[in-house]
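Trainee: after the sequence you'll find the predicted model.
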Amino acid sequence: MHATLPRLQDTRFPALRRRRLETLQVNLGYRCNQSCLHCHVNAGPNRTEQMDGDTVEAVLAFLRRAGAATTLDLTGGAPELNPHFRRLTAEARALGLHVIDRCNLTILEEPGQEDLAEFLAAQRVEVVASLPCYLEENVDRQRGEGVFGKSLRALQKLNALGYGREGSGLMLSLVYNPQGPVLPPPQAQLEADYRRHLAERYGIAFTRLLTLTNMPIQRFGSMLISQGRFNDYMALLHAAHRDENLEHVMCRSLLSIDWQGYAYDCDFNQMLELPLGGRRTHISALAADGLAGQAIAVADHCYGCTAGQGSSCGGALA
Ligand code: SF4
Ligand code: SF4
């Protein structure tokens, strides 16, 4: 795989500073039952990196400290494959946190995960699920043969538990990212298309659609380099930069923790090994109330967050 950081370090991206922490995003490991082309963490079935029990305890200790985050955002790989996933979720909920599970949907059909949907509903976890298109051929091309069918079955199962249904309070957010090196279309318009198509064809309901810009790093960035399209994609991101998105980029209020417990401004920086504050810091040594005002480690990939309508783990910024 081609390294992307050397192409991103020379940047004119504006300096940014952190604000008060709201979301702790924790990567529970790189193991995944899928290996999607656009995956920015290179997750897959053969990856063995997993957050261990001691590090999970350090995450919980951080969350218990006054002034820590109000949302715990669990990601991977497939976070549910980490043996501590359910304990961490339940303890964070008991602390009163909003918990997000970044779920690839197909995990619901994996052996040992038969009761996962019921667990998530009982804990009132928000499910944020990738569905890069509402058309079968596009999803299967990007995420693998048969993924669309499995994803629909998972969405129907979640709907049956109340997810995505009005009044249930169980949030089901779908995530869209473009198939190639283009910016996502306007979020509201695409959400309306998804809503109509999924309801009419499959009877599926969801709470909201989040559009994400593909980041020019890891597997996607490497593919662009191989195809000789990296510079064109960066030029597209540069040209579409909007200063007003700088106010809302997620790194201002989010902290990303890797599977070993080390901290970054966001998970893209985690993948590029650009540590929080320029030095490797473990969550056990972090004070949440000391983060505000700290400089954020920016590089040229940051234009992926500010191009067009903007992009973050919570979808468009504009
Ligand atoms: S499902 Fe998500 S984590 Fe797994 S390979 Fe695909 S993009 Fe990566
Ligand atoms: S890539 Fe990360 S550090 Fe850069 S603007 Fe986006 S969220 Fe912030």
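Mentor: Okay, I see it. Residues are numbered from 1 along each chain as shown. Ligands and ions are numbered 1, 2, ... in the order given.
Trainee: what's the local residue count around Val298?
Mentor: Val298 is flanked by 21 other residues according to other CB atoms under 10 Å. (C-beta placed from N, C-alpha, C; glycine too.)
Trainee: quickly note the distance from it to Arg7.
Mentor: 15 Å (CB to CB, to the nearest Å).
Trainee: then Gly169?
Mentor: Taking CB to CB, one finds Gly169 at 44 Å from Arg7.
Trainee: cool, Gln227 as well?
Mentor: Taken as CB to CB, the span from Gln227 to Arg7 is 14 Å.
Trainee: neighbour count: those two, which is higher?
Mentor: Between Gln227 and Arg7, Arg7 has the larger neighbour count (other CB under 10 Å), namely 19 against 12.
Trainee: and for that one, nearest residue in space, chain neighbours not counted?
Mentor: Excluding the flanking residues, the one nearest Arg7 by CB to CB, 6 or more residues apart in numbering is Phe230, at 6.6 Å.
Trainee: which strand residues bridge the closest residue to Ala69 other than its chain neighbours?
Mentor: Nearest residue to Ala69, sequence neighbours excluded (CB to CB, 6+ apart): Leu24, at 4.0 Å. Assessed by DSSP bridges, Leu24 has beta-bridge partners Leu72, Leu255.
Trainee: got the residues of the stretch 151-300 of the chain near ligand 2?
Mentor: Contacts of the stretch 151-300 of the chain with ligand 2, taken as CB under 6 Å from any ligand atom, map to Val249, Met250, Cys251, Asp265, Cys266, Phe268, Asn269, Ile296, Val298.
Trainee: identify the farthest-apart pair in the residues you listed.
Mentor: Farthest pair in those (CB to CB) is Met250 and Val298. Separation: 12.9 Å.
Trainee: residue boundaries of the helices in the stretch 1-150 of the chain?
Mentor: 5-8, 53-64, 85-94, 116-122, 136-143, 147-160 (DSSP state H, counting those that start in this stretch).
Trainee: so which strand or helix has the nearest residue to Gly278 once chain neighbours are set aside?
Mentor: Closest residue to Gly278 apart from its sequence neighbours, by CB to CB, 6+ apart: Ala297 at 6.5 Å. Under DSSP states H and E, no helix or strand contains Ala297.
Trainee: how many residues are close by Ala297?
Mentor: The number of residues near Ala297, taken as other CB under 10 Å, comes to 18.
Trainee: check contacts around it.
Mentor: Contacts for Ala297 (CB atoms under 8 Å, 6 or more residues apart in numbering) come out as Tyr264, Asp265, Asn269, Leu274, Pro275, Leu276, Gly277, Gly278.
Trainee: out of those residues, list just those in strands.
Mentor: Judged by DSSP state E, strands contain the following of those: Tyr264.
Trainee: now list the buried members of the contacts of Ala297.
Mentor: Tyr264, Asp265, Asn269, Leu274, Pro275, Leu276, Gly277 (16 or more other CB atoms under 10 Å).
Trainee: how about the residues of the stretch 101-250 of the chain by ligand 1?
Mentor: Counting by CB under 6 Å from any ligand atom, the positions of the stretch 101-250 of the chain adjacent to ligand 1 are Asn104, Ser130.
Trainee: residue of the stretch 101-250 of the chain nearest ligand 2, please.
Mentor: Of all residues in the stretch 101-250 of the chain, the one sitting closest to ligand 2 is Val249 (4.1 Å; CB to the nearest ligand atom).
Trainee: can you tell me, leaving aside adjacent residues, what's nearest to that residue?
Mentor: In space, Val249 comes closest to Cys305 once its chain neighbours are excluded; the distance is 4.7 Å by CB to CB, 6+ apart.
Trainee: got the phi and psi for that neighbour?
Mentor: The phi/psi pair for Cys305 (degrees, to the nearest 10) reads phi -90, psi -20.
Trainee: where does it land on pLDDT?
Mentor: Listed pLDDT for Cys305 reads 94.
Trainee: Glu145 too?
Mentor: You'll see Glu145 listed with a pLDDT of 81.
Trainee: same check, this time on Ala318
Mentor: As predicted, Ala318 sits at a pLDDT of 63.
Trainee: how about Asn82?
Mentor: Asn82 is assigned a pLDDT of 97 by the prediction.
Trainee: thinking it is in contact with Asn27, fair?
Mentor: No: with contacts defined as CB atoms under 8 Å, Asn82 does not count as touching Asn27, sitting 9.6 Å away.
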